[in-house]
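Asker: Return a 3D structure for these sequence lines:
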Amino acid sequence: MIKLYCLYLLLLISIVSLSPVKATSASYQPGDVIPLYYNKLFSLKNPFAISVNSLDFICPLTQTRERSVLVFDQDLNGDRWIPSDYNIHFLKDQECRLLCEKSWQVEDTIKIEELIDNDYQVELELDGLPGATVSYTNEAPEHNYKIGYPLGFKKNDGYYINNHLVFQFLINTKNEIIGFEVYPDSILSTEDCIKRTVDYNHQKVTNRRTQVSFTYSVQWKKVIFDDGKIPTQRWQAYFRRSNLTRHTLAYTNGFFVTLILSILLVFVFLKTRNSSFLNSNSSDDKDKDLRVFEDGVDDFIGWKLISRDVFRRPVYGGILTPLVGSGIQLAVVFIGMLLWYHMGWFHPMQPRSFIRFFVLFYLIGSVPGGYYSARLYKVFRGKSWVLNGTLTAAMAPCVLFSTLILFSMLAWTQHSSLAISFGGWLSLFSLWLFVLFPLTLVGAYFGERSDPIEYPSRTTQLPRPLPELKWYQSDLIRTVLCGLIPFTVIFLQWHELLTLRFITGGDYSHVDDTHFFAMSLFYITTVSELSILFTFLKLCTENHLWWWSSFACGASSSLYLFSYGVFLIFTRSPFALTASSMTLSGCCLFLLRLFMECFLIAIGSGSCGFISSYLFIRKMYSTRKAD
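Answerer: Purely as a prediction, here's the structure:
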């Protein structure tokens, strides 16, 4: 089994290493040809990306699409790598090179006008960097990039196509490409490109057959000094600088919330540790403790009375164990990607790189996920560890696959490149069937063979009757309150992320690994402490059904994250504010993507709340047993 697992790990690492994702610049010699790829067309008003090879008005494509090893890592972002005929030589400037001359039909002009009205941007890619236009704003006067360049523009009720592109490549002192700038322009003929005047004619989109020339120029610029305006590191200019005031508020908010909860948790721990344990074999002690409870002298006596019921297996425990196992898988993903990002082994802003490493660590985490799921399932006296391992491997992927099917069907109806291709579905299913599923069963096998977990107290045959609770002690109220506080901790970061994605057209936001680690630590600590506190309060009411409620308390913050995302989508996103036939489809597309993200957060934070509550209860009752 161990040898088989090692072989699987080597296979996963080889998949990642063979994939054409570049976190750093490749080495080129002067004069080397560098391939420039068409990627896609995306809009600031319409979320449906379009593949370049589906357009007839551009220069004919002489080469076919290049696919990555996994395929679906491109499909999920709508990427379609198609080599272009742009002739780019390293460190060689070029001026007004003709790419092609294209004859336009009436249908082409109608399509172009529709794309320009929807602010479609063309995304190119070279050496792993997306082409971008330089933007300067009052808030950010530095050298900032906007991904892609506009297909055209509208002026005086006329439409014009950007048929001339000036490529400017930034290189550092090591001859590494650190920037890919595109300056689009519209010219009527190649003569206007060579002999440029102050006032020249633009290429207008007319409703008749016409001949259009596509040209380009190439410039290379070496960046030597860092003056704060021009970047000297790869990806530096693609980041939108985060608001320092917002970060300071986030740190302050997270610190004080975590501090207050930590003080409450210490109080609870000291309260349970210093109080005497209820001796069920002594009627005098029992009557004495009951009198104390009835007199209200000790409000925390209830958890002692259910020591023989607190570890009773829950209802639908066979569903809880796969969820916890999936949460452990996501914990491996979080720790692994944070470590690799800190070591500089991948860059999260490279979309395919992020998906690739997410899948890699999720597959690696299937072994510990299956192991701990099987151990918990064994505590619940489950009959079939194979069934539990199968559910652990299939529960979360089935929800994600079902959402992706709806996502792809919606994109397919709009002829968008976001629809996952047949090769993408085949690679997804193959990874699950031949890698994820066997690795989960390997972990479940070792979990089944491990020693059973011993509890501090034995469980009686008959369960203790549940007490009548007041309305504010219900699980629904506790869950709603428990999810609100962690949401306030990461609200500012969640708002910034959604704003960049849904409102400003998908700009990259600079997230330092230290800041990301600190805010994640605040969030995880808050979820864990709140789950422990609310679980303890529930036990104090003599309610021993804490298993599912601890998971729900941890996962409830995802409901607030999803609700706030829905609020932003329908109130502030550009495509939701425009009246078009694609408005509803675009909102549904983003809702499906938002649901997948919040679903993963719910599983991860719910498992965090359950595990922390589980460890605390074991410690609490083991201390009482020792006393």
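
Asker: contacts, neighbours, all on C-alpha from now
Answerer: Will do.

Asker: Per the annotation, how does the protein divide into domains?
Answerer: 1-24+315-454, 25-233, 249-290+299-311+469-627 (automatic domain parsing).

Asker: Columns distance to F239, mean pLDDT and mean neighbour count on top of these, output as JSON lines?
Answerer: Compiled in JSON lines, the domains of the chain are given as follows (distance: least, Cα to Cα, whole Å; pLDDT from 0 to 100; neighbours: other Cα atoms under 10 Å):
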{"stretch": "domain 1-24+315-454", "distance to F239": "9", "mean pLDDT": "85", "mean neighbour count": "19"}
{"stretch": "domain 25-233", "distance to F239": "7", "mean pLDDT": "85", "mean neighbour count": "18"}
{"stretch": "domain 249-290+299-311+469-627", "distance to F239": "5", "mean pLDDT": "81", "mean neighbour count": "18"}
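
Asker: Regarding the protein, what is its longest helix?
Answerer: Looking across the chain with DSSP state H, the single longest helix is helix 583-626.

Asker: Using TSV, please lay out the domains of the chain together with distance to P463.
Answerer: Output for these, formatted as TSV (distance: least, Cα to Cα, whole Å):
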stretch	distance to P463
domain 1-24+315-454	13
domain 25-233	49
domain 249-290+299-311+469-627	6
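
Asker: Verify the contact between G565 and R593 for me.
Answerer: No - if you go by Cα atoms under 8 Å, G565 and R593 don't touch, sitting 10.6 Å apart.

Asker: Looking at the domains of the chain, which is nearest to Q461?
Answerer: Among the domains of the chain, the nearest to Q461 by Cα to Cα is domain 249-290+299-311+469-627 (9.2 Å).

Asker: For the closest one, what is the distance to the chain centroid?
Answerer: 19 Å (Cα atoms, centre = their mean, to the nearest Å).

Asker: and if you look at stretch 308-318?
Answerer: 33 Å.

Asker: element containing L41, please.
Answerer: strand 36-43 (DSSP states H and E).

Asker: Can you list the helices and strands that that strand packs against?
Answerer: Under the contact criterion of 3 or more Cα pairs under 8 Å, 6 or more residues apart in numbering; DSSP states H and E, strand 36-43 touches strand 82-83, strand 120-126.

Asker: Adding distance to N543, write the ones you listed out as a markdown table.
Answerer: As requested, these are arranged in a markdown table below (distance: least, Cα to Cα, whole Å):
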| stretch | distance to N543 |
| --- | --- |
| strand 82-83 | 61 |
| strand 120-126 | 58 |
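
Asker: Relative to L259, which of those is closest?
Answerer: So among those, strand 120-126 is nearest, using Cα to Cα, at 45.9 Å.

Asker: For that closest one, report the contacting residues that lie outside it.
Answerer: 34-44, 130-132, 147-151, 180 (Cα atoms under 8 Å, 6 or more residues apart in numbering).

Asker: 6 Å instead?
Answerer: Applying Cα atoms under 6 Å, 6 or more residues apart in numbering, the external contacts of strand 120-126 come out as 36-43, 130-131, 148-151.

Asker: how far is the longest strand seen in the chain from where the chain is centred?
Answerer: Across the chain, the longest stretch assigned as strand under DSSP state E is strand 210-222. Remark: strand 210-222 is offset 36 Å from the chain centroid, using Cα atoms, centre = their mean.

Asker: Mind listing the strands it pairs with, and their directions?
Answerer: Applying DSSP bridges, strand 210-222 is found paired with strand 94-104 (antiparallel), strand 164-171 (parallel).

Asker: after the longest one, next one along is what?
Answerer: Tracing the chain C-terminally past strand 94-104 and defining elements by DSSP H and E, one meets helix 106-117 next.

Asker: my guess is T133 meets V182, correct?
Answerer: Yes - using Cα atoms under 6 Å, T133 is in contact with V182, at 5.3 Å.

Asker: State the distance from Y316 to W546.
Answerer: Note on Y316: its distance to W546, by Cα to Cα, to the nearest Å, is 13 Å.

Asker: same thing with G78?
Answerer: Counting by Cα to Cα - G78 and W546 are separated by 43 Å.

Asker: same question, Y159
Answerer: Counting by Cα to Cα, the gap from Y159 to W546 is 64 Å.

Asker: Okay, strands next: where are they in the stretch 201-350 of the chain?
Answerer: 210-222, 239-240 (DSSP state E, counting those that start in this stretch).

Asker: Of those, which is nearest I194?
Answerer: Closest among the strands of the stretch 201-350 of the chain, using Cα to Cα: strand 210-222, at 10.3 Å.

Asker: can you list contacts of that closest one?
Answerer: Taking Cα under 6 Å, 6+ apart as the rule, strand 210-222 contacts 91, 93-104, 163-172.

Asker: same check, this time on stretch 606-615
Answerer: Residues outside stretch 606-615 that contact it (Cα under 6 Å, 6+ apart) are V324, G327, V527, S528, S531, I532, S550, F551, G554, A555.

Asker: how about 7 Å then?
Answerer: 324, 327, 527-528, 531-532, 535, 550-555 (Cα atoms under 7 Å, 6 or more residues apart in numbering).

Asker: Kindly report the same for stretch 396-408.
Answerer: Contacts for stretch 396-408 (Cα under 7 Å, 6+ apart): S326, L418, A419, I420, L589, L592, M596.

Asker: Assign a three-state SS to the third one, would you?
Answerer: Right, the one you point to is A419. In three-state terms, and counting by DSSP: H, G, I helix; E, B strand; the rest coil, A419 is coil.

Asker: Helices of the stretch 251-400 of the chain, residue ranges please.
Answerer: 283-295, 302-305, 317-343, 351-364, 366-379, 385-413 (DSSP state H, counting those that start in this stretch).

Asker: Can you show me the CA trace of the fifth one as CSV?
Answerer: Only the C-alpha atoms of helix 366-379 are listed here, as CSV (Å, rounded to 0.1, in the frame of the first residue of the first chain):
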residue,chain,number,x,y,z
SER,A,366,-7.3,12.3,0.4
VAL,A,367,-5.1,9.9,2.4
PRO,A,368,-5.3,11.8,5.8
GLY,A,369,-8.9,12.6,5.0
GLY,A,370,-9.8,9.0,4.5
TYR,A,371,-7.8,7.9,7.5
TYR,A,372,-9.4,10.3,10.0
SER,A,373,-12.9,9.8,8.5
ALA,A,374,-12.5,6.0,9.0
ARG,A,375,-11.3,6.4,12.6
LEU,A,376,-14.3,8.6,13.4
TYR,A,377,-16.6,6.2,11.6
LYS,A,378,-15.1,3.3,13.7
VAL,A,379,-16.0,5.3,16.9
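
Asker: Tell me what angle it forms with helix 317-343.
Answerer: If you take axes from the mean of the first three to the mean of the last three Cα atoms, to 10 degrees, helix 366-379 sits at 150 degrees to helix 317-343.

Asker: and the residue lying closest to T460 once chain neighbours are set aside, how far is that from T272?
Answerer: Among residues not flanking T460 along the chain, R308 sits closest, at 5.9 Å (Cα to Cα, 6 or more residues apart in numbering). Relative to T272, R308 is positioned 17 Å away (Cα to Cα).

Asker: can I get the strands of the stretch 201-350 of the chain in a markdown table with distance to S189?
Answerer: Shown next, in a markdown table, are the strands of the stretch 201-350 of the chain (distance: least, Cα to Cα, whole Å):
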| stretch | distance to S189 |
| --- | --- |
| strand 210-222 | 7 |
| strand 239-240 | 36 |
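
Asker: nearest to S605, of these?
Answerer: For these, proximity to S605 was assessed by Cα to Cα; strand 239-240 is nearest, at 28.3 Å.

Asker: Quick one: mean pLDDT over the closest one.
Answerer: Throughout strand 239-240, pLDDT has a mean value of 68.
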